[in-house]
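[1] With the sequence up front, the predicted model follows.
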Amino acid sequence: MKESQPSAIFLKDYKVPPFLIDKTELTFDLDEATTIVTSRLHMRRNPAFGKSTAPLVLDGGEDVKLIGVAMDDYSLPPEEYRISEGKLIITATADKFVFTCETLLEPQNNTRLEGLYRSSSMFCTQCEAEGFRHITYYLDRPDVMSVFTTTIIADQSRYPVLLSNGNEVERSKTDDGKTLVVWHDPFPKPAYLFALVAGDLAVKNDVFTTQSKRDVKLQIFTETHNIDKVDYAMEALKRSMRWDEEAYGREYDLDIFMIVAVDDFNMGAMENKGLNIFNSSCLLASPETTTDDSYLRVEAIVAHEYFHNWSGNRVTCRDWFQLSLKEGFTVFRDQTFSADMHSETVKRVEDVSFLKTAQFAEDAGPMAHPVRPASFIEISNFYTLTVYEKGAEIVRMIHTLLGKEKFRAGSDLYFNRHDGQAVTCDDFVAAMQDASGVDLTQFKRWYSQAGTPIVTVTDRFDAENGTYRLTMKQDTPATPGQPTKLPLHIPIRVGLLDELGNALSATVDNVNSEDHVLHLISNEQVFEFAGLTARPVPSLLRGFSAPVKLRYDYAPANLLLLMSADSDGFNRWSAAQQLAVNELNTLIKQSIDGETLSVNSQLAHGFKTLLSDASLDPAMVALVLALPSQAYLSELANPIYPAAIKQARQYLKAQLANTLAEDFERVYREHSISGEYQATAEDIAHRSLKNMALSYWVETKDETAHRIVLEQFQSANNMTDQFSALSIAVNSQHEKAAELLAAFYEQWKDEPLVVNKWLMLTASQEHDAALATVKGLMEHPAFDLKNPNKVRSVLGGFGQSMSGFHKEDGSGYRFLADQIILLNKRNPQIASRLCTPLTRWKKLQPELSVKMKAELERILSEELSKDVYEVVSKSLA
Ligand code: ARG
Ligand code: ZN
């Protein structure tokens, strides 16, 4: 263990910066061995800080070598500045001055992938959150906004493309024959939005005409061999630009918008001003190599990064505690965009399913934190599902409380009031409140209180006066550092059905409607519905109107009714999931108790109706047929018995398959579409139902089904169908599964993004040799520890495998811990993310829990990065 452990920083300690940087002039002299960065900062004391003689303290990193420092062109001798814990400190400064410093970097040795680094043959940057300090000494905080001018000097033949933020304003040759390009970004921005790219890149050009009839040049850059895979992203970009004008009145502001794809990237993508940088897995798409899911992901992430130009860049965050100000809002915006482009209900089901599986698990674990955290050790650890997804749910609830028009008035006020500023979540809520007149005082607790509220509902029908009463209780479990919780303002959308499934109107607070938004604001409240003649079936939490766990004791027959008849598409899915969860929980219990599994499945009836109703959206049918995942069942369980979960799920799937074999075969055939691949909602829907049906049908061990899996694998004209066939073969332990995996690799070994999918599928297999398989993959020529996508595929995939990861002797945990220790120094962000499955140790069955805990303790005994230290120490606390 280190002598001194890293310490936390707190929101309550926020102070405005003592200095401002009006202009930032950077020069990069790029070279393979060493890169020299010269920075000239036009600084002055911040009047808002008050009169002071505070020293100038600039952020830097250990990997930055300082060559020299000057003040107003006077070179400072070493005794006039000092460097302590990565910070450069100058005690005596004027009120206004130009600070210059020269730093030396070795981007080729930068394995953290923060700051300036090499990916394949190019140079690129990643500065959010605190990467800029790995380039030069700076006030690396988002409330310091500056106008950047960037000069890049590089060898013409190896780096013909030299990019940075804003507009190219100058291009010339240096005396030694290198190219010199100057970029100027007129919009003041924090350093986290700085970007630079240099390489021998191919480009695809396009033009977008804005609503005020300005032409914007659009450019997507990739390595030459990938340029044929950017058409879809380009179209998605244009759709996003149009949508933001229509839905939010936001027009693009520079004359050029560029996107670059890089292979080595810690996250999905980055919204640098005018120069977005993408993980190539989130940008490139072609029918042969990309699945439907990935197409939709590309579209959503292109939109997300583009939308940040307003929600993030024009209006940015005051400090990193406010991260959800830009991320929660931007996720909400991209979710709404995707819903508008495809199906609203399908999108909602997918988002909620993800939230309930992964964010709920985070909120129930040792890393639980409010959407606006109160403290952190390493900000990179707070790019979380809570900040992003739960943050988006908060914005969605504001939308529900205000209604569409007032919400838009609120967002207009927010953008106009704070354009060019670095602000807080409170400022966002204040704009929403001021524009709408809706009181959001209590609602704001959603930002500061962690944990998933549990809403328990009971009901009572009074036949004499025709009233139906819902009693709702809310209770948020304690989370680390927050032992007691206050009641939240929870919007609960509710409808009522009669016994045939017809919508009923009823009166609540003098409003008669088929659909009501109830405001649960106390610990316990009663809501009365008047004007009913018989006991209704409640459809609760329609559209998942709040991120809560709903408890209401539904009879299976009522779940079947909701599943087939509710006017709210989301709740039809939700009812099916609840029914499946109930049956699976019965089976899980039988498995734990060593009993023979058996269930009288009501679900089969529901599925049967669904499979024969041609009026339904096939994509919705496919989602309803998808049984709750092992991960979701683990989130619900306490304690978690991994083997029982796996067994129960396999049993129910086979059971349903055998009961409905003919329906699955028919549906498979009905939804097999021919023709050229298109990533449209309609075609995607057919493929998803077809492949879902096949995944059941093959469980019957029917020979035709088994042959069809092989045929589809061989004859598919698109990756969705080919990869589905492969996954189905692997997951159903098809006798040819190993052969198909080998054939797939052979066919696609030159397409890294396809190979990543293969690595993930191979690593997540459920079989006894799962751990050995994963160890083998780490030695495979396709594996590369330097590439985050490959690490995520193999180790992320492995973390999902119940048989491999949760091996009884703890060897799966030990293996993952070894990899975390290996990656801890090399790439702390990736290492820290890999810890997630280990943070669940307290919820595991006792025999496994102790083994997992021991691995966390072993990691903690190493010399750790701040990133890994924070997650592991909090998990053990
Ligand atoms: N702002 C980016 C996005 O959500 C995420 C970048 C975060 N990067 C990081 N290394 N923490 O669009
Ligand atoms: Zn974002």
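    Received it, and whenever you're ready, just let me know what you need. Ligands and ions are numbered 1, 2, ... in the order given.

[2] Now for Lys229: which residues touch it?
    Contacts were defined as Cβ atoms under 8 Å, 6 or more residues apart in numbering; by that measure Lys229 touches Thr222, Leu284, Ala285, Ser286, Thr289, Thr290. For glycine as for every other residue, the C-beta is placed from the backbone atoms N, C-alpha and C.

[3] Count the neighbours of Glu524 for me.
    Around Glu524 sit 12 other residues, with neighbours defined as other Cβ atoms under 10 Å.

[4] next one: Arg314
    The criterion is other Cβ under 10 Å. On that basis, Arg314 has 18 neighbouring residues.

[5] So it sits against Gly420, correct?
    Yes - look at Arg314 against Gly420 with Cβ atoms under 8 Å: they come within range, at 6.9 Å.

[6] which residues are common contacts for these two?
    Contact with both Arg314 and Gly420 is made by residues Phe187, according to Cβ under 8 Å, 6+ apart.

[7] where in this structure is pLDDT low?
    When residues are selected by pLDDT under 70, those of the chain lie in 1-3.

[8] how close does the residue lying closest to Ser343 once chain neighbours are set aside sit to ligand 1?
    If the residues on either side of it in the chain are set aside, Ser343 comes closest to Ala681, at 5.7 Å by Cβ to Cβ, 6 or more residues apart in numbering. Computed with Cβ to the nearest ligand atom, to the nearest Å, the distance linking Ala681 and ligand 1 is 24 Å.

[9] Burial check on Ala681, number of neighbours?
    Other residues close to Ala681 by other Cβ under 10 Å number 16.

[10] Helices along the stretch 451-600 of the chain, start to end?
    Under the criterion DSSP state H, counting those that start in this stretch, helices of the stretch 451-600 of the chain are mapped to 556-565, 569-592.

[11] rewinding a little: contacting residues for the residue nearest to Ser343?
    Neighbour list for Ala681: Met341, His342, Ser343, Val346, Ala619 [criterion: Cβ under 8 Å, 6+ apart].

[12] got it, and Gln712?
    Gln712 is in contact with Leu694, Asp721, Gln722, Ser724, Ala725, counting by Cβ under 8 Å, 6+ apart.

[13] So which elements touch the helix or strand harbouring the last one?
    Element membership for Ala725, per DSSP states H and E: helix 719-731. Using 3 or more Cβ pairs under 8 Å, 6 or more residues apart in numbering; DSSP states H and E as the contact criterion, the neighbours of helix 719-731 among helices and strands are helix 681-697, helix 703-715, helix 737-748, helix 752-763.

[14] Please convert these to a markdown table, extending it with distance to Ser172.
    As requested, the helices and strands packed on helix 719-731 are arranged in a markdown table below (distance: least, Cβ to Cβ, whole Å):
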| stretch | distance to Ser172 |
| --- | --- |
| helix 681-697 | 49 |
| helix 703-715 | 55 |
| helix 737-748 | 44 |
| helix 752-763 | 37 |
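
[15] and of the ones you listed, who's closest to ligand 2?
    Each of the helices and strands packed on helix 719-731 was checked against ligand 2 via Cβ to the ion, and the shortest separation belongs to helix 752-763, namely 21.5 Å.

[16] Need the contact partners of that closest one.
    Contact partners of helix 752-763, identified using Cβ under 8 Å, 6+ apart, comprise 263, 280-281, 284, 289-291, 719, 723, 726-727, 730, 741, 744-745, 748-749, 773-774, 777, 780, 782-783, 789-790, 793-798, 801, 804.

[17] one more time with 7 Å
    Contact with helix 752-763 is made by 263, 280-281, 284, 289, 723, 726-727, 730, 741, 744-745, 748-749, 773-774, 777, 782, 789-790, 793-794, 796-798, as judged by Cβ atoms under 7 Å, 6 or more residues apart in numbering.

[18] are any of these buried, and which?
    In the contacts of helix 752-763, burial by neighbour count holds for 263, 280-281, 284, 289, 723, 726-727, 730, 741, 744-745, 748, 773-774, 777, 782, 789-790, 793-794, 796-798, counting by 16 or more other Cβ atoms under 10 Å.

[19] Out of the helices of the stretch 451-600 of the chain, which is the most enclosed?
    Here the criterion is mean neighbour count by mean count of other Cβ atoms under 10 Å, and of the helices of the stretch 451-600 of the chain the winner is helix 569-592, at a mean of 21.

[20] Kindly report the residues of the stretch 351-500 of the chain close to ligand 1.
    Neighbours of ligand 1 within the stretch 351-500 of the chain, by Cβ under 6 Å from any ligand atom: Ser380, Tyr383.

[21] Give me the phi and psi for the closest residue to ligand 2 within the stretch 351-500 of the chain.
    Evaluated by Cβ to the ion, the stretch 351-500 of the chain has Tyr388 as its residue closest to ligand 2, separated by 7.2 Å. With angles defined as degrees, to the nearest 10, Tyr388 shows backbone torsions of phi -80, psi -60.

[22] How about the one 5 residues further on?
    Backbone dihedrals for Glu393, given as degrees, to the nearest 10, come out at phi -60, psi -30.

[23] Domain boundaries for the chain, per the record?
    Taking automatic domain parsing as the domain assignment, the record places the domains of the chain at 9-200, 310-549.

[24] TSV for those, including distance to Ala269?
    Supplementary listing: the domains of the chain in TSV, determined by distance: least, Cβ to Cβ, whole Å:
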stretch	distance to Ala269
domain 9-200	10
domain 310-549	11
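
[25] And those domains: which comes nearest Trp243?
    Trp243 lies closest, by Cβ to Cβ, to one member of these: domain 310-549, at 5.3 Å.

[26] circling back to that earlier point, among the domains of the chain, which is nearest Leu275?
    Of all these, domain 9-200 comes closest under Cβ to Cβ, at 4.5 Å.

[27] anything in the closest one near ligand 2?
    No - contact check for domain 9-200 against ligand 2, using Cβ under 5 Å from the ion: none in range, with a minimum separation of 8.8 Å.

[28] Straight-line length of that domain, end to end?
    Using Cα to Cα, to the nearest Å, the end-to-end distance of domain 9-200 comes out at 41 Å.

[29] which ones are touching the closest residue to ligand 2 within the stretch 451-600 of the chain?
    With Cβ to the ion, the shortest gap between the stretch 451-600 of the chain and ligand 2 falls at Pro547, namely 18.7 Å. For Pro547, the contacting residues are Leu355, Lys390, Glu393, Thr452, by Cβ under 7 Å, 6+ apart.

[30] and with 10 Å instead?
    Counting by Cβ atoms under 10 Å, 6 or more residues apart in numbering, Pro547 makes contact with 352, 355-356, 359-360, 363, 371, 386, 389-390, 392-394, 396-397, 446, 452-453, 490, 541.

[31] How about Ala772?
    Ala772 makes contact with Gly804, Ser811, according to Cβ under 10 Å, 6+ apart.

[32] Check Asp231 too.
    Lys204, Asp206, Ile220, Ala285, Ser286.

[33] give me that answer again for 8 Å
    Taking Cβ under 8 Å, 6+ apart, we find Asp231 in contact with Lys204.

[34] does the residue of the stretch 601-750 of the chain found nearest ligand 2 sit in a helix, a strand or a coil?
    Among residues of the stretch 601-750 of the chain, the one nearest ligand 2 by Cβ to the ion turns out to be Ala679. It sits 22.7 Å away. In three-state terms, and counting by DSSP: H, G, I helix; E, B strand; the rest coil, Ala679 is coil.

[35] Thanks again, I'm all set now.
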